[in-house]
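S.K.: I'd like to go over a predicted model; first the sequence, then the structure.
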Amino acid sequence: MGCSRPPTNLFAGPATNNKPKQVELVIATITIDGFGDMNFEPFFALAPRLPFKNVEFNCWYARNLTPAGIRSIKERCRQHTLTPVCIQGSSFGAAGNIIKDVTHKLWNMEAARQLGCKRVKFTGAGRGLQGGLDAVITVLKELAPAAEEMDMLILVENHADYNLETMEDYDRIFSAIASPNVGMCMDNAHFDGANVDLMQVVDRFHSRILHIDLKDTERKDIHKVVRYGQGVTDNARVVEQMLAHGYKGYLLIEMAPPQNKETLEEDLKRAYQLFRQYER
């Protein structure tokens, strides 16, 4: 399936004792902002009080990706000593108009480069919609050479009930696209929500998993985010197995939408403590 690892320079963690970290925690803006167009204001209000230093920006609204929007993100990160590491753009969806999807993803890649990121993330449209998995593969074939040229990783995220959902979906993607710059963002809770065995995903795709989303879902077959430890998702086992396979990349805290605004700060500090042991 073309399962080579990406070049190691695509992970750029800060130096510790003159050696860069290979695995680090990162927080997603939607963990604080939720899914609305908040211009990241709640995120930047709370983030300075949290121990996270790396940020994945969920750029799903037009103003986030304008030149002014990109400058605003960059300046606010500078003010709060935060490091952008990934942009998540809106989903693949190209029914009958591949060029719009390709150029949208290319601009996300350029925006990421302007922020100093080397990663962009996209999921699919609803199952069978917007050209289905065929359209996703067609777009990725166009993007893969650009990702290699731009020194960028394209993270293809699974989502329950969407075009990127099953192991068979990823078999098709990786059979069609061998580029080491195209890989999986493994969302543990969404695989549980789709009743896909997490350990089978790790066993089959560990060399193509480039990003791991840590969430907990209430029960199998249903994607309903709950606080860490209150659901069924075995995030720790996934991380430990991936580390055993030599995983290098980010572990994303994405408890979204926020479960309880009154306890959100406490919940996120607890999440950091739960998973910080895996940084190395």
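M.R.: Perfect, I can see it now. Computed from a prediction, not measured in an experiment: that's the story for all the values here. Residues are numbered from 1 along each chain as shown.

S.K.: and the strands in the chain, which stretches?
M.R.: Secondary structure of the chain (DSSP state E): strands at 15-16, 19-20, 23-28, 54-58, 83-88, 119-122, 153-157, 182-187, 209-214, 216-219, 222-226, 249-253.

S.K.: so what does the last one touch, helix or strand wise?
M.R.: Just to be clear, that refers to strand 249-253. Packing contacts for strand 249-253, counted by 3 or more CB pairs under 8 Å, 6 or more residues apart in numbering; DSSP states H and E, involve strand 23-28, strand 54-58, strand 83-88, strand 209-214, helix 264-275. Bear in mind the C-beta positions are built from the backbone N, C-alpha and C, glycine included.

S.K.: go through the ones you listed and name the closest to Asp197.
M.R.: strand 209-214 (14.5 Å; CB to CB).

S.K.: what strands flank that closest one, and is each parallel or antiparallel?
M.R.: Partner strands for strand 209-214, per DSSP bridges, with pairing direction: strand 182-187 (parallel), strand 249-253 (parallel).

S.K.: and Pro84, what does it touch?
M.R.: Applying CB atoms under 8 Å, 6 or more residues apart in numbering to Pro84 gives the contacts Val55, Glu56, Phe57, Ile73, Lys74, Cys77, Ala112, Leu115, Gly116, Cys117.

S.K.: hmm, 10 Å instead?
M.R.: Pro84 is in contact with 26, 29, 54-57, 70, 73-74, 76-77, 111-112, 114-117, 119, counting by CB atoms under 10 Å, 6 or more residues apart in numbering.

S.K.: now it: how far from Phe275?
M.R.: 20 Å (CB to CB, to the nearest Å).

S.K.: and what of Met38?
M.R.: Met38 sits 25 Å away from Phe275, going by CB to CB.

S.K.: Glu110: neighbour count?
M.R.: Neighbourhood size, Glu110 [other CB atoms under 10 Å]: 16.

S.K.: residues in contact with the nearest residue to it once chain neighbours are set aside?
M.R.: Computed as CB to CB, 6 or more residues apart in numbering, the closest residue to Glu110 that is not its neighbour in sequence is Met150, at 7.8 Å. Going by CB under 10 Å, 6+ apart, Met150 touches Leu106, Met109, Glu110, Ala112, Arg113, Lys118, Val120, Leu143, Asn181.

S.K.: of these, buried ones?
M.R.: Among the contacts of Met150, those buried by neighbour count (16 or more other CB atoms under 10 Å) are Leu106, Met109, Glu110, Ala112, Lys118, Val120, Leu143, Asn181.

S.K.: which one is Gln259 nearest to, not counting chain neighbours?
M.R.: Here the residue nearest Gln259, using CB to CB, 6+ apart, is Arg227, at 5.5 Å.

S.K.: surely the one you found is in contact with Ala256?
M.R.: No - the pair Arg227 and Ala256 fails to qualify as a contact (CB atoms under 10 Å) at a distance of 11.9 Å.

S.K.: give me the more crowded residue out of those two.
M.R.: Ala256 (18 against 14).
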